[in-house]
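Undergrad: Okay, here's the prediction I keep looking at, along with the sequence it came from:
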Amino acid sequence: MYRDGPATTTVGSTVRIQFWGTRGSIAKPGPSTTRHGGNTSCVEVRSARGTLVVIDCGTGAHPLGQKLMSAGANDLRGHILISHTHWDHIQGVPFFAPLFVPGNHWDIYGPKGLDQSLREALTGQMQYTYFPVTPDQFGATIRYHDLVEGVFDIDDIRVTAHYLNHPALTLGYRLEADGATIVYCCDHEPHSQSLADGQGDITGQDLQHCEFVQEADLLIHDAQYTAAEYPSKIGWGHSPVEYAVKIAQHAHVKKLALTHHDPLRDDHAIDCLVETIKTHLNSGSSPLQVFAAVEGEILDIEQPELKTHKNDTGQFKATTPIEPALAERSILLAIADPITATAISEVVSAEGLRFNSFSNIDEVRTLISRSRPSLAIVEHNATLTDTITICQALHQTDDELPVVLIAGREDSALGIAAGASDWLIRPFSRSFARTKIRAWVLRTACRWKRAAIPLDEETRLASLRELGILDTEAEERFNRVTRLAAALFDVPIALIGLVDRDRQWYKSCLGLTAKEAPRDVTFCAHVIYVREPMIVPDTFQDSRFADNPFVINEPRIRFYAGYPLILDNGSCIGTLCLLDARPRTIDHLELERLRDLADIALREICAFSQ
Ligand SMILES: [Zn+2]
Ligand SMILES: [Zn+2]
C-alpha cells in the first residue's frame, strides 16, 4: 500500500511528508483498517534540500526503514524525533533497519526524563527478556539528544519542542523549513476539560498550545476520541477530535491531519467522523481543511515565498545541559490536606528534587530568595481570598515563578486572580502529578535564552574576519583598557570579546583564564543583536540569564554590563564588558565612561588591520 517516494525530494521549495503509521496505542492490522492503516505513529519529513526527519518510531518505522534500505543508501544521515517513550511511539526502533547499517549516521532526540536518559528509555525495550538483539549491535553511528522545551536546528530545519499534556513527559514538534511549517502533536489532551467538546474559550495552557501550532501549513494532531467518548477517558492523554479542530481553527492552521486513530475505530468509522467535521466546518465556511491521516499517504507542501523563522527572536535552547540548574532548585509546597501533602512530597522526592513547605505568607520571601524554587504548588481548599493572597505574595517576590493550583475542579476566575500557570485536578494519579511537575521543573530549569542571530550576520562576520585579529596574541594596548575598566568599575572581570560564528573570542580577558566561550551562552551575543549597551543588574532576576551556565557555575555572573563595538561600516563585532559575582548596577555617568573605554578599544581594533 506504499507509494514509492524518491529517497530525496528536490522540487523547488517543497517539503514532503509521508505518513508511515497513523494508529494510536497498539498496531491494528486487519481488514477493517486497510485504508487508514494499522501501524502506530511514524511520519517522515523531507526538506527541499533533502534533510530527513522521522517523527516517532512506532511500528510504521519498519516499512519506512525498508524503503530507505531499498534506496540503497549506505551513508544515510537522518534524524529521529521521539515525542515520548510510550510503546506505540518507539516499538519500531529495534526494527528500523537503517540503524543497523555501518556508515549511517542517526541523531535521536526525545524528552529528557529526570531519572532515565533517552538512550536508556529507548533501549530498555531491547533487553534480553524482550528482544534478541541488543543496542550494541546497531551498526550506525547514533547520537542521543535529551531535549527540554526550546528551539534547535537540524540542518535547514528549525525545530521547536513544546511540552504536551500527556501522562508521560511528551514533546510536540514544530518544524519550519523552506517557508513551510509542520507541527506534530501526539499524544495530547486538552489542558482544560471545558474545551473537550470544542466549545468554550481557549485560555491558559491551551492558549499556549494554540500559539505553538500557530499558522501551521500542516498540523498533525492527536484525535483519538470524540467529545462523546472523552468523559470516560480523561487523563489518558488523548484529544477529542472536536478539540483538535477548535485549536486548529483558532490558530489559523491551513490543513489538519487527524491521527493516532483509536484501535477500535475502523476505516468506515473514521470516514464518518471526518464527514461530520467537514459538514460542520462548511456550515461555518471555515477555510480549515481537515482529513484523517492515511498510512502511506504523501503530502507536498509548497511555499513560493519564504517565511522567516517564527522563533528568531531568541528562545530557550532545547538541548541544554540543565542538571546544574536543577540541582540548585527546589519546589515550594502549600498543601494543608495531609494525604495530598504526602503524595506530592513523595512525587517531588522521587524526581530527586528538594521541597520546602510553607504555611504562611511571611515565609514566602525568605524561602524564595534562599531556595530559588522552580515551582510552587498551592492547594486551594480554604477560602478564595487565601489562595489568591498566597499566590500574590509568591508573584511579588518572583513574578515568573509558575504556580500550580490543586483543586477539585477548575475555576477560571480563581486561576486568573491567582495568576495560576496550571491545575492539578483531584483525583489525580501519582504518575500524572509527576509528569506535570517534571514538565514545569524542566521548563523553568532552562531560564536562559540564546541570543537571536543579527540580520547582517554574514556581513558582520566578514568584517570581523577582515580585521585579521581573531586568534592573535594578547597585547598590552588592549589589556590596558580592560585593566582600566576593572579598576574604574571595581569589577573582577573585564573583557574585550569578539563574537565569531559559534564562539566569543577574547582579545583581552582580565580575570578569566578561558580565551573563548561558546556563543550560545555568552551575554555579549545579546548585545551584538540589539546593538545597544546592555546592563543586567542581577542575573537571578532576569529570565534570559537566570540559569545560564555562567550564572549557575563559575564565574557565577550576577552583574553584566556590555558596550557594543560597532565598526564604521555598521558591523557590530563584539563588546567591551564588565562582569561581577555581586548584583549591582551602573548609572548613566558610569555608562558614559564605559562608552569612552569602548571607543578606545574600538580604535585599537581598527588600528590592528592597518
Ligand atoms: Zn500514543
Ligand atoms: Zn502516549
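TA: Good, I have the coordinates. Ligands and ions are numbered 1, 2, ... in the order given.
Undergrad: list the helices and strands the longest helix anywhere in the chain packs on?
TA: Ordering each helix of the chain by length in residues (DSSP state H) puts helix 588-608 first. Applying 3 or more CB pairs under 8 Å, 6 or more residues apart in numbering; DSSP states H and E, one finds that helix 588-608 makes contact with helix 476-489, strand 559-566, strand 572-580. For glycine as for every other residue, the C-beta is placed from the backbone atoms N, C-alpha and C.
Undergrad: Output these in JSON lines, with mean neighbour count, mean pLDDT and distance to Ala168 appended to each entry.
TA: Shown next, in JSON lines, are the helices and strands packed on helix 588-608 (neighbours: other CB atoms under 10 Å; pLDDT from 0 to 100; distance: least, CB to CB, whole Å):
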{"stretch": "helix 476-489", "mean neighbour count": "18", "mean pLDDT": "96", "distance to Ala168": "50"}
{"stretch": "strand 559-566", "mean neighbour count": "24", "mean pLDDT": "97", "distance to Ala168": "38"}
{"stretch": "strand 572-580", "mean neighbour count": "26", "mean pLDDT": "97", "distance to Ala168": "41"}
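Undergrad: out of these, which comes closest to ligand 1?
TA: Nearest to ligand 1, of all those, is strand 559-566, at 44.1 Å by CB to the ion.
Undergrad: The closest one: partners in the sheet, and parallel or antiparallel?
TA: Take DSSP bridges as the rule and strand 559-566 pairs in its sheet with strand 534-536 (antiparallel), strand 572-580 (antiparallel).
Undergrad: Include distance to ligand 1 when you put these into JSON lines, please.
TA: Output for these, formatted as JSON lines (distance: least, CB to the ion, whole Å):
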{"stretch": "strand 534-536", "distance to ligand 1": "42"}
{"stretch": "strand 572-580", "distance to ligand 1": "47"}
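Undergrad: Just put those strands in a markdown table and tack on distance to Leu512.
TA: Below are these laid out as a markdown table (distance: least, CB to CB, whole Å):
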| stretch | distance to Leu512 |
| --- | --- |
| strand 534-536 | 17 |
| strand 572-580 | 8 |
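Undergrad: now for these, which one comes closest to Asp500?
TA: strand 572-580 (9.1 Å; CB to CB).
Undergrad: The closest one vs helix 588-608, what angle?
TA: Counting by axes from the mean of the first three to the mean of the last three CA atoms, to 10 degrees, strand 572-580 lies at 130 degrees to helix 588-608.
Undergrad: And Glu590, how far from ligand 1?
TA: 57 Å (CB to the ion, to the nearest Å).
Undergrad: And for Val43?
TA: Distance from Val43 to ligand 1, by CB to the ion: 13 Å.
Undergrad: give me the beta-bridge partners of the nearest residue to that residue once chain neighbours are set aside?
TA: Distances taken as CB to CB, 6 or more residues apart in numbering place Ile55 nearest to Val43, at 4.5 Å, with adjacent residues excluded. Going by DSSP bridges, Ile55 is paired in beta bridges with Val43, Leu81.
Undergrad: wait, what's in contact with Ile55?
TA: 41-45, 80-81, 83, 173, 184, 220 (CB atoms under 8 Å, 6 or more residues apart in numbering).
Undergrad: Give me every residue in the protein lying close to ligand 2.
TA: For the chain, the residues in contact with ligand 2 (CB under 5 Å from the ion) are 86, 187.
Undergrad: which secondary element of the chain has the worst mean pLDDT?
TA: Across the helices and strands of the chain, the lowest-confidence element by mean pLDDT, DSSP states H and E is helix 323-327, at a mean of 64.
Undergrad: nearest spatial neighbour of Arg477, skipping sequence neighbours?
TA: Nearest one to Arg477, counting by CB to CB, 6+ apart, is Glu604 at 5.2 Å.
Undergrad: now that neighbour: how far from Glu473?
TA: According to CB to CB, to the nearest Å, Glu604 and Glu473 sit 14 Å apart.
Undergrad: same check, this time on Leu484
TA: 20 Å.
Undergrad: in the stretch 1-150 of the chain, which segments are predicted with low confidence?
TA: For the stretch 1-150 of the chain, the stretches with pLDDT under 70 are 1-12, 73, 114-115.
Undergrad: Which residue comes closest to the closest residue to ligand 2 within it once chain neighbours are left out?
TA: Nearest to ligand 2, among the residues of the stretch 1-150 of the chain, is His86, at 3.4 Å (CB to the ion). Excluding its sequence neighbours, the residue lying closest to His86 (CB to CB, 6+ apart) is Ala168, at 5.7 Å.
Undergrad: shouldn't the one you found be in contact with Asp88?
TA: No: look at Ala168 against Asp88 with CB atoms under 8 Å: they stay out of range, at 11.3 Å.
Undergrad: So for these two, which sits in the more crowded spot?
TA: Taking neighbours as other CB atoms under 10 Å, Ala168 and Asp88 compare with Asp88 leading, 26 against 20.
Undergrad: Am I right that that one is in contact with Gly38?
TA: No: the criterion here is CB under 8 Å, and Asp88 misses it with Gly38 at 11.6 Å.
Undergrad: what's the overlap in contacts for these two?
TA: Here Asp88 and Gly38 have 23, 27 as joint contacts, going by CB under 8 Å, 6+ apart.
Undergrad: from the middle of its chain, how far away would stretch 380-396 be?
TA: In this view, stretch 380-396 has its centroid 30 Å away from the chain centroid, taken as CA atoms, centre = their mean, to the nearest Å.
Undergrad: would you put the C-alpha positions of it in PDB?
TA: Taking C-alpha atoms only, stretch 380-396 is exported to PDB below (Å, rounded to 0.1, in the frame of the first residue of the first chain):
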ATOM      1  CA  HIS A 380      -7.000  25.500  47.100                       C
ATOM      2  CA  ASN A 381      -9.100  24.300  49.900                       C
ATOM      3  CA  ALA A 382      -9.600  27.300  52.000                       C
ATOM      4  CA  THR A 383     -11.400  30.500  51.000                       C
ATOM      5  CA  LEU A 384     -10.900  32.000  47.600                       C
ATOM      6  CA  THR A 385      -9.100  35.000  49.200                       C
ATOM      7  CA  ASP A 386      -6.500  32.900  51.000                       C
ATOM      8  CA  THR A 387      -5.400  31.200  47.800                       C
ATOM      9  CA  ILE A 388      -5.200  34.500  45.900                       C
ATOM     10  CA  THR A 389      -3.200  36.200  48.700                       C
ATOM     11  CA  ILE A 390      -0.700  33.400  48.800                       C
ATOM     12  CA  CYS A 391      -0.200  33.400  45.000                       C
ATOM     13  CA  GLN A 392       0.100  37.200  45.000                       C
ATOM     14  CA  ALA A 393       2.800  37.000  47.700                       C
ATOM     15  CA  LEU A 394       4.600  34.400  45.600                       C
ATOM     16  CA  HIS A 395       4.500  36.600  42.500                       C
ATOM     17  CA  GLN A 396       5.500  39.700  44.300                       C
END
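Undergrad: Name the residues of that stretch that come out as buried.
TA: The neighbour-count check on stretch 380-396 (16 or more other CB atoms under 10 Å) flags 380, 387-388, 390-391, 393-395 as buried.
Undergrad: and what of stretch 242-252?
TA: 242-251.
Undergrad: which stretch of helix or strand covers the residue nearest to His86?
TA: Under DSSP states H and E, no helix or strand contains Ala168.
Undergrad: got a list of what it touches?
TA: Shown in contact with Ala168 (CB under 8 Å, 6+ apart): 84-86, 237, 431, 435.
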